[in-house]
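Q: need coordinates for the below:
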Amino acid sequence: MQDLSDVNKNAAQFAQIGTETKSVCYLCGKEGELFYRNLVDHLFGSPGDWSFRRCSDPKCGLVWLDPRPTLSEIGKAYQKYYTHGQSSDAQQTRSACVVRAILHTLSIMMLGLRAERRRYKRMYLDEVPPGRLLEVGCGNGKRLARLQALGWEVTGQEIDPIASEYVRKTRGIDVHTGPLETMKATEKYDVVIMSHVIEHVHDPVALLTVCNRALKKNGLLVLLTPNAASYGHRKFGATWRGLEPPRHLHLFTCETLVQISQQAGFSHQRCWTTPVGADGIGQNSLSSEQVTMKDGHRLVTIRDILRGFRFQIAASWVFRRDKNSGEECVLMVTK
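A: So this is what the prediction gives:
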């Protein structure tokens, strides 16, 4: 019989995430300054204490995790990550659901966000004629289904086999399971989209280069990612939802997104920020002590919903004065 101490030792070894050091900037090669230290994963409970660096060149400003999980170990950071068949890791009380629906509608009316939210949900493709579209990291397929209903011929890519199967079975949409480069798609798509994917990858330029290859001539890439220069980051600091160690490896601004898209061979770059999802950022920018748990899941309370509503109002007012303060960057580039 195996000794209990050996079992505990093996479990502890498995729990640890192997890391690699990245002290210099991915974009410009300058040394990084320590930005945050001793952060923990209070969202999904991955082991370890984590630190972020920020490029010492103010003209660059890239933020990155250092040390970061290696490519072979990064999967451990997703062991307790919510399944892609779900839209959230959290549970809500019935009363919280009602309050959230009311405040969500109220915030749209008060702040004039209806048109922006519609464009956001459509990945800012309102004025683009429907064609062949690929979503990188399609998750539960909700966005693909929405775009399909608008006339797009859609395909998904997802590394999670459970998520891929969920999309195929529940939505009837074709999904490639595995890394994007294994699709071997060349000049096949009119549009490639990705939402909150680029911050998770070790080599963002390599990912965008594969996207470039998959696009037809004059094809369009649209992506969303947390904005490292956002009002929420300034307000919440180390508890800002956009940090999410150890899964978020790079955090971008519009300037750094344009740089990586240029390195990947794209032209006609447009990049802007949006405050439309600020309520979720305000609701989820919490310290470990502020998180309420139930049955292993985070429980969203009415207090959390109200916090998000207040932050949506504040962030929207700041955005009127500072167009770079939105919680997410939107990058739109042409091949």
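Q: quick one: buried residues of the longest strand seen in the chain?
A: When the chain is parsed with DSSP state E, its longest strand is strand 215-226. Under the neighbour-count criterion of 16 or more other C-beta atoms under 10 Å, strand 215-226 has 215, 219-226 buried. Bear in mind the C-beta positions are built from the backbone N, C-alpha and C, glycine included.
Q: show me the shaky parts of the stretch 1-150 of the chain.
A: Across the stretch 1-150 of the chain, the ranges flagged by pLDDT under 70 are 1-15, 82-93.
Q: distance check, the nearest residue to residue 318 once chain neighbours are set aside against residue 316.
A: Setting aside the residues directly before and after it, residue 318 is nearest to residue 231 in space (C-beta to C-beta, 6 or more residues apart in numbering), at 4.6 Å. Distance of residue 231 to residue 316, given as C-beta to C-beta, to the nearest Å: 10 Å.
Q: how long is stretch 21-40 end to end?
A: Using C-alpha to C-alpha, to the nearest Å, the end-to-end distance of stretch 21-40 comes out at 18 Å.
Q: can I take it that residue 157 is in a strand?
A: Yes: judged by DSSP: H, G, I helix; E, B strand; the rest coil, residue 157 forms part of a strand.
Q: ok, it - contacts?
A: Contacts of residue 157 were listed using C-beta atoms under 8 Å, 6 or more residues apart in numbering, and they are 134-138, 175-176, 178, 180, 183.
Q: what about the strands in the stretch 51-200 of the chain?
A: Assigned strands in the stretch 51-200 of the chain, in chain order: 63-65, 68-69, 90-92, 132-136, 153-158, 175-177, 189-195 (criterion: DSSP state E, counting those that start in this stretch).
Q: any shared contact partners between residue 231 and residue 316?
A: Taking C-beta under 8 Å, 6+ apart as the contact definition, residue 231 and residue 316 share the neighbouring residues 275, 278.
Q: list the strands paired with the longest strand of the chain, with their directions.
A: The partner list of strand 215-226 in its sheet, established with DSSP bridges, is strand 189-195 (parallel), strand 328-334 (antiparallel).
Q: closest one to residue 162 among those strands?
A: When those are ranked by distance to residue 162, counting by C-beta to C-beta, first place goes to strand 189-195 at 18.9 Å.
Q: picking up where we left off before, and the helix or strand that comes right after the longest strand of the chain, what does it pack against?
A: Counting by DSSP states H and E, the element after strand 215-226 in chain order, helix or strand, is helix 231-236. Contacts defined by 3 or more C-beta pairs under 8 Å, 6 or more residues apart in numbering; DSSP states H and E place helix 231-236 against helix 278-284, helix 302-321.
Q: okay, those helices in TSV with distance to residue 70, mean neighbour count and mean pLDDT next?
A: Supplementary listing: the helices and strands packed on helix 231-236 in TSV, determined by distance: least, C-beta to C-beta, whole Å; neighbours: other C-beta atoms under 10 Å; pLDDT from 0 to 100:
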stretch	distance to residue 70	mean neighbour count	mean pLDDT
helix 278-284	27	24	91
helix 302-321	34	18	93
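Q: mind listing what the residue nearest to residue 318 touches?
A: With C-beta under 8 Å, 6+ apart as the criterion, the residues that contact residue 231 are 275, 278, 314-315, 318-319, 322, 325-327.
Q: what about 10 Å?
A: Residue 231 makes contact with 273, 275, 278, 281, 311, 314-319, 322, 324-327 under the criterion C-beta atoms under 10 Å, 6 or more residues apart in numbering.
Q: same deal with residue 125?
A: By C-beta under 10 Å, 6+ apart, the contact list for residue 125 reads 119, 131, 133, 147, 150, 152, 191, 193, 220, 222, 332.
Q: is it true that the fifth one touches residue 126?
A: Translated: residue 150. Yes: A contact is recorded between residue 150 and residue 126 when judged using C-beta atoms under 10 Å, the distance being 9.1 Å.
Q: confidence score at the spatially most central residue of the chain?
A: Nearest to the mean C-alpha position of the chain, by C-alpha atoms, centre = their mean, lies residue 196 at 2.5 Å. In this prediction, residue 196 carries a pLDDT score of 97.
Q: what residues are bridge-paired with the closest residue to residue 211 other than its chain neighbours?
A: Sequence neighbours aside, residue 192 is the residue nearest to residue 211 in space, at 4.8 Å (criterion: C-beta to C-beta, 6+ apart). Following DSSP bridges, residue 192 is listed with bridge partners residue 134, residue 221.
Q: burial of residue 192, as a residue count?
A: Residue neighbour count, defined by other C-beta atoms under 10 Å, stands at 26 for residue 192.
Q: and it, how close does it get to residue 72?
A: According to C-beta to C-beta, residue 192 stands 27 Å off from residue 72.
Q: look at the nearest residue to residue 108 once chain neighbours are set aside and say how many residues are nearby.
A: Closest residue to residue 108 in three dimensions, ignoring its sequence neighbours and counting by C-beta to C-beta, 6+ apart: residue 114, at 5.1 Å. The tally of other residues near residue 114 (other C-beta under 10 Å) stands at 11.
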